[in-house]
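# whatever this is, show me its structure:
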Amino acid sequence: YEGDDFVAIIDLGGNDTYRGRVASGIGLPGRAPLSFVLDLGGNDRYEGEDFTQGFGFNGVGILWDLGAGNDYYRSRFCSQACGLLGYGELFDDGGDDQYFTDSGSQGAACFGYGHLIDAGGNDTYRGARYVQACALVGGVAVLTDGGGNDLYYAGGKYLHKPLHNDHYQSLSQGFSIGNRSDANPAMGTGGGVALLLDQGDGNDNYIADIYGQGSSYWYSLGMLVDEGGNDNHVLYQYGLGGGIHLSTGILVNLKGNDTYTDPWGVGLGGAHDYAVGWLIDRAGNDLYQGGGQGQGLNFSVGILLDCSGNDSHACPGAGSIGAGHNNDISLLLDLDGEDFYTVPGVKNGRFTRQGGHGLIYDCPSGGWFPGIDASTLPTKQDPVPKEVIVQHILISCDGCNVPLKNAATRSEAEALALARQVLREARRKGADWSALQKKYNEDSGDGGVHEHNRYLVAPEAALIKEFKDLALTLGVGQIALSAKGPYGWHIIKRVE
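Numbering: from 1, shown residues only. Purely as a prediction, here's the structure:
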């Protein structure tokens with residue numbers, strides 16, 4: 001396909017090449033405010049320049065590429081899901097895809113909405129700046145990747161002068177920025193909201209230079225969320241959960257053995273000038289390298305929260321970890337695991353005060369909640385299991401027509417309190433699940449012969465909704481409490 005300003009293209013399949021401005025909705029005289037491309041299959045190439053591949057200006061531009069082919073996207077400015085006073089969307093339903101651009105692309109927005117969705121595959125995203133979920137004034141920008149081992153790269157073209165002559169602007173990967181006007185504050189405006197969401201358990205690489213990876217500037221919110229995999233985050237300055245100048249930056253990583261590198265600070269859960277920065281890592285043996293780990297500067301809040309795993313923290317000195325300056329709140333909280341710190345005086349399992357408003361708390365052995373077996377706590381399952389085998393303990397109450405154990409009568413409130421107590425007992429380290437079933441389970445089973453000790457649960461199984469819905473969210477060994485069903489509450493443990 002050659003040429004510009006197609007209103008609509010529907011392609012039924014094959015390996016196609018699109019050259020020119022496609023899926024570009026421009027609401028100006030003589031232009032179409034609505035434009036779309038629907039390609040139903042093949043390994044396709046999209047070769048364009050500016051304002052293309054899912055671009056909306058005072059209009060709507062939508063590109064859908066289906067068929068899970070290995071596709072190639074190349075453009076320059078304001079493209080690949082860019083909403084500029086409009087709506088831009090690019091959806092690719094899978095395959096190992098490549099996205100190349102310069103600026104204002106790959107989920108970018110200003111006074112609009114831009115959303116790039118790639119459903120899966122080992123994908124490559126490369127751009128210079130303002131890419132990969134970047135929101136400017138009044139924009140909402142999202143990049144959603146459904147899984148795979150992905151590469152995100154932003155930088156390498158525009159030097160960050162005059163502050164740095166040897167590093168480049170990125171301003172990408174879950175980044176939002178407003179318009180700061182010191183000369184005329186009345187002309188300043190807040191930014192937008194940006195989110196880079198990487199789903200699945202892929203081992204991903206995030207590479208940026210200055211500003212990126214869950215960061216923001218000037219009344220903005222920037223977020224990066226990675227659901228799993230052993231990920232590598234590399235940045236030079238301002239990011240990795242960094243809020244700068246009256247804004248909020250958040251980075252959340254749910255699991256995996258991850259590496260975070262930010263040598264020049266204001267990142268790794270850092271914030272500067274009336275801002276908030278969060279870095280939350282839920283699980284895995286992680287490595288943190290650089291300054292600003294849980295550090296707030298100038299009336300800011302900086303928090304690094306690592307929930308579990310054997311972690312290592314390397315930084316230039318005591319002033320670069322859990323310590324800030326000038327009326328800040330600076331926190332590094334490590335809730336479990338055997339951890340290592342390069343700073344003398346900061347030890348595993350110790351509380352370390354860092355000035356007037358900063359601290360490092362590495363929880364003693366046993367974690368934040370001593371005695372609890374962390375493997376029993378529910379975590380997100382991706383993909384969602386289609387079939388599981390579970391056991392349960394039923395706690396009933398008056399009105400459910402179930403014979404009670406250890407009580408002649410029991411109100412709903414009493415039953416819920418007992419169910420929560422049994423859940424706590426079941427999650428303790430060394431808990432005897434079989435003994436707890438024998439003591440508490442009020443499921444009479446098959447005429448009292450069995451205790452219904454093995455349930456095969458699938459979406460079509462003839463089981464009560466509350467039981468089935470919870471069972472299909474659990475990993476092996478995890479234990480959780482259901483919502484109240486017709487027979488009461490179920491403490492469910494997945495065994496296979």
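# could you check how far the residue lying closest to Ala480 once chain neighbours are set aside is from Ala458?
Nearest non-adjacent residue to Ala480, counting by C-beta to C-beta, 6 or more residues apart in numbering: Pro378, 5.0 Å away. Where you see a C-beta, it was placed from the backbone N, CA and C, and this is true even at glycine. Pro378 sits 19 Å away from Ala458, going by C-beta to C-beta, to the nearest Å.
# could you do Ser181 as well?
Ser181 is 59 Å from Ala458, where distance means C-beta to C-beta.
# with Gly94 instead?
Computed as C-beta to C-beta, the Gly94 to Ala458 distance reads 25 Å.
# got it, and Ala413?
For Ala413, the distance to Ala458 - C-beta to C-beta - is 33 Å.
# tell me which of those two has more neighbours.
Set Ala413 next to Ala458 and count neighbours by other C-beta atoms under 10 Å: Ala458 wins out with 13 against 9.
# residue contacts, that one?
Counting by C-beta atoms under 8 Å, 6 or more residues apart in numbering, Ala458 makes contact with Lys386, Glu387, Val388, Leu472.
# out of the residues you listed, who's nearest Leu251?
Nearest to Leu251 among the contacts of Ala458 is Leu472, at 29.2 Å by C-beta to C-beta.
# any idea of the pLDDT on that closest one?
The confidence metric pLDDT takes the value 95 at Leu472.
# name the residues that touch the helix or strand that contains Gly243?
For Gly243, the element it lies in under DSSP states H and E is strand 242-244. The contact list for strand 242-244 (C-beta under 8 Å, 6+ apart) reads 211, 214-218, 238, 249, 266-273, 275-277, 292, 300.
# check which residues of it are buried.
Within strand 242-244, the residues that count as buried by 16 or more other C-beta atoms under 10 Å are Gly242, Gly243, Ile244.
# which residue packs closest to the second one, ignoring adjacent ones?
In other words, Gly243. Gly243's closest residue in space is Ala275 (C-beta to C-beta, 6+ apart), at 3.5 Å.
# quick one: that neighbour and Ile250 touch, right?
No: with contact defined as C-beta atoms under 8 Å, Ala275 and Ile250 do not form a contacting pair (11.5 Å).
# more neighbours: those two, which one.
Ala275 (30 against 24).
# is Asn179 in a bridge, and if so with what?
Here Asn179 sits in beta bridges with Thr189, going by DSSP bridges.
# what about it, how many residues nearby?
Asn179, neighbours per other C-beta under 10 Å, totals 14.
# from Leu136, how far off is it?
From Asn179 to Leu136 the distance is 8 Å (C-beta to C-beta).
# which residues are common contacts for these two?
Counting by C-beta under 8 Å, 6+ apart, the residues touching both Asn179 and Leu136 are Gly191.
# tabulate the buried residues of strand 242-244 (TSV), appending pLDDT and distance to Tyr260.
Below are the buried residues of strand 242-244 laid out as TSV (pLDDT from 0 to 100; distance: C-beta to C-beta, whole Å):
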residue	pLDDT	distance to Tyr260
Gly242	97	11
Gly243	97	16
Ile244	96	18
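# Leu66 touches Gly41, doesn't it?
Yes: assessed by C-beta under 8 Å, Leu66 is found in contact with Gly41 at 6.4 Å.
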